[in-house]
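>>> just the structure for this:
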Amino acid sequence: MTSKRRGRNKRTAIRTGPQPTDEHDIVFYRAPDGTMPAQEYLNSVPATIRARIRSAAIAVAQAPPMRFAGGGYWEAMRGSMTGWFEIRVDGPPNRTHYRVFCLLDYEAKGVDKPLLVLVDGRTKAFRTTLPDSDYAAVLLLGKDYFSQQPRPIG
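Next up is the predicted model:
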């Protein structure tokens, strides 16, 4: 009679760092001048909008982001902004669109979890688009963020 050994053929995955399926830590990008554009943006919007954006960020980070199905609050961007994400909240006055631009970082040194990085924010009127110059400015912030180790966060 042969005995069966259970579990002998199981392979153990070796974790080499934070994974997209992990819960993320929420951090703010710190610009070269020491400011945190996303935090300043959040402080400039109405309190109800700020609370909704923060709630969305927490829900996305806990989901984690790649598994979050948040009814339009969390959207992957396209075109020149591929690799970026938006937290989207609409509110007063007149259905104004409030947007926070975010990056996901799995390669930051000295952290235990992947990062949901709030980089910057913009407000636009209902059914309008942001100018290309706004997107270009946000892209530059992202380029600065990824060019540094340790990451410029606050």
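
>>> helix or strand, whichever it is, which one in the protein has the lowest mean pLDDT?
Sorted by mean pLDDT, DSSP states H and E, the helices and strands of the chain end with strand 74-76, the least confident at a mean of 93.

>>> that one packs against which elements?
Secondary-structure packing of strand 74-76 (3 or more Cβ pairs under 8 Å, 6 or more residues apart in numbering; DSSP states H and E): strand 85-91. In short, each C-beta sits where N, CA and C put it, glycine included.

>>> which helices and strands sit right next to the strand it packs on?
Partner elements for strand 85-91 (3+ Cβ pairs under 8 Å, 6+ apart): helix 47-62, strand 74-76, strand 96-105.

>>> helices of this structure, start to end?
37-44, 47-62, 132-146 (DSSP state H).

>>> returning to what we had before: out of the helices and strands packed on strand 85-91, nearest to residue 23?
The closest of those to residue 23 is helix 47-62. By Cβ to Cβ, the value is 5.6 Å.

>>> contact partners of the closest one?
23-26, 42-43, 45, 68, 70, 73-74, 87, 89, 91, 98, 100, 102, 116, 118 (Cβ atoms under 8 Å, 6 or more residues apart in numbering).

>>> ok, 6 Å please
23-24, 26, 42, 68, 73-74, 87, 89, 91, 98, 100, 116 (Cβ atoms under 6 Å, 6 or more residues apart in numbering).

>>> list the buried residues in that helix.
Residues of helix 47-62 classed as buried: 49, 50, 52, 53, 54, 56, 57, 60, 61 (neighbour count, 16 or more other Cβ atoms under 10 Å).
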